[in-house]
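Student: give me a 3D structure for the following:
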Amino acid sequence: MATGHGGRIADVMGGRSWSFRYPPAYPSVLALGQRLLFWLHPIDADLWASAALGAVAAGVVAALAWRICAGASTGRRAAVAMIAGMLFAANPLLIGASVSLMSEGLYLLAIASALLLADRLLVRGRYGDAVALGFVFGVAALTRSEGIVLVAAITLGMLIVARRHGSRVRPVLAALGIGLLFPVGWSVFASTTAGRPVVVGTNGGSLLLGATCPLINHDDALGYWHPDCHVNLSFSSTTAARLGASASAALTNPWVVGPVPGPTADAEGSSAMTRAAFRLMSRHPLALAAAIPFRVARGLGLYWTHLQDVHETFEGRSHPWEIAGRWFHLLLVLPLTIVAVVAFFKRTGIGRRLRALTDVERLIPMLALLIGWLALVAMTYGSTRLRAGVEPALAVLAGLGAAVLVGHHDRALSEQPMAHVGRPE
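Tutor: As a prediction, the model looks like this:
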């Protein structure tokens, strides 16, 4: 995109073709960064662009925490915002994502912005917020294919809050409708070009197959994935696809994009992998069920194995950052998040302390996001890459958990900011 080819990649036939394996948002942002930082080497420009996205996302997370704590004093609001923003900005897993040039750089900003705009929409009920939220929903869906699941979870949480207050849900539905225009439009373009149905990107089949093939049903692979699940699958019936598979297998550098076989072959391969994944699920339901606890434990950072360490480079992550990030998550983020979640469901003790900070119904979209993420992990595989989308919610909940631990419950919530959910101020 940055070199003026409009996203068309060198293909095995010597020309250039579209590839729909991945959604277009993150490559487009990196291309813009290369154009704006034209005096830097392209990789350096990519790194700076990713770092800038992460810095803005940290600010959005802090702003969300400040806004959520509308019922607290200025000092306590500032403390929660500072803790949440720093837990996000200093998370080694997220820093490592930028170093590895993974799409989390944009994905995190999109999900954090979606949560912030969702809260604004629920409180103010303005269609201007719905338009902005719909745009962010679209960017999230075109950044990572699983973003559609997380966007749906946030929307469901918003609808629960809006309906409980008897307010109009039309602004929420309007935001969802605007957001759907992005992935639907891209899918129509991709399907027309490929000559067969393509939904957002054609890499979804590998996501499912990597979590269901026999290679991950035992030993230290249980609940994870294995790249050979994709390599060993003979899905192709076209010459271009076979040439593309051979070219990819011949690459020794995992960071180099090999010649693509073209959109039709990509779509053919994705469909074959999806069919193979569902076939394996139906044939081995017990193995699928047995892997779910391990997937969830891996996603939460409670369990990892040697295979996970070996495949981090293939997955696009930095091993030193990954190790530091696991302990950062286990020692800081996860315990404080658990405190906030427990306080959400309790009415006394720490529950009263949380309600002195915020109207707890404002946390429902974030909790819905966590539930949607858990469902996604249970269906696919446990990986810190798949946890990226919930990191903004984890940071805010952790900030609230820290305030609950050190705070007092000697006063009630001074205002009810959700009292007019869905109605203009």
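Student: mind giving me the packing neighbours of the host helix or strand of G299?
Tutor: Assigned by DSSP states H and E, G299 belongs to helix 285-300. Judged by 3 or more CB pairs under 8 Å, 6 or more residues apart in numbering; DSSP states H and E, helix 285-300 is in contact with helix 364-379, helix 384-387. All C-beta atoms are positioned from the backbone trio N, CA, C, and that covers glycine.
Student: so what touches the longest one?
Tutor: The contact list for helix 364-379, computed with CB atoms under 8 Å, 6 or more residues apart in numbering, reads 111, 115, 118-119, 122, 146, 149-150, 152-154, 156-158, 160-161, 208, 211, 292, 295-296, 298-299, 341, 344, 386-387, 389-390, 393-394, 396-397.
Student: and that helix, what's buried?
Tutor: 364-370, 372-374, 376-379 (16 or more other CB atoms under 10 Å).
Student: same thing with stretch 24-41?
Tutor: For stretch 24-41, by 16+ other CB under 10 Å, it's 24-31, 33-34, 37.
Student: gap between that stretch and the chain center?
Tutor: 21 Å (CA atoms, centre = their mean, to the nearest Å).
Student: swap in stretch 35-48?
Tutor: 25 Å.
Student: burial count for the residue lying closest to F20 once chain neighbours are set aside?
Tutor: Leaving out its chain neighbours, the residue that sits closest to F20 by CB to CB, 6 or more residues apart in numbering is A190, at 4.3 Å. For A190, the count of nearby residues is 24 (other CB atoms under 10 Å).
Student: just the element for A190, please.
Tutor: Going by DSSP H and E, A190 is in helix 170-194.
Student: list of residues touching that helix?
Tutor: Against helix 170-194 from outside (CB under 8 Å, 6+ apart): 18, 20, 23-24, 117, 121-122, 125-127, 129-131, 133-142, 148, 151, 155, 158-159, 162, 197-202, 263-264, 266-267, 422.
Student: what of stretch 24-40?
Tutor: In contact with stretch 24-40 (CB under 8 Å, 6+ apart) are residues 1-2, 7, 42, 44-46, 48-50, 52-53, 101, 103, 105-107, 110, 139, 142-143, 186.
Student: are any of the residues you listed buried, and which?
Tutor: 1-2, 45-46, 48-50, 52-53, 101, 103, 105-107, 110, 139, 142-143, 186.
Student: sorry, back to before: of all the buried residues of stretch 24-41, which comes closest to A221?
Tutor: Ranked by distance to A221 (CB to CB), those are led by Y26 at 28.2 Å.
Student: and the gap between the closest one and A388?
Tutor: Y26 sits 12 Å away from A388, going by CB to CB, to the nearest Å.
Student: now do the shared contacts for the two.
Tutor: With CB under 8 Å, 6+ apart, Y26 and A388 have common neighbours Y107.
Student: between helix 364-379 and the longest helix seen in the chain, find me the angle.
Tutor: Ranked by residue count, the top helix of the chain under DSSP state H comes out as helix 42-68. Interaxial angle, helix 42-68 versus helix 364-379 (axes from the mean of the first three to the mean of the last three CA atoms, to 10 degrees): 130 degrees.
Student: name the helices or strands packed onto helix 42-68?
Tutor: helix 25-36, helix 74-89, helix 92-99, helix 104-124, helix 391-406.
Student: lowest confidence element among the helices and strands of the protein?
Tutor: None of the helices or strands of the chain scores lower by mean pLDDT, DSSP states H and E than helix 239-250, at a mean of 53.
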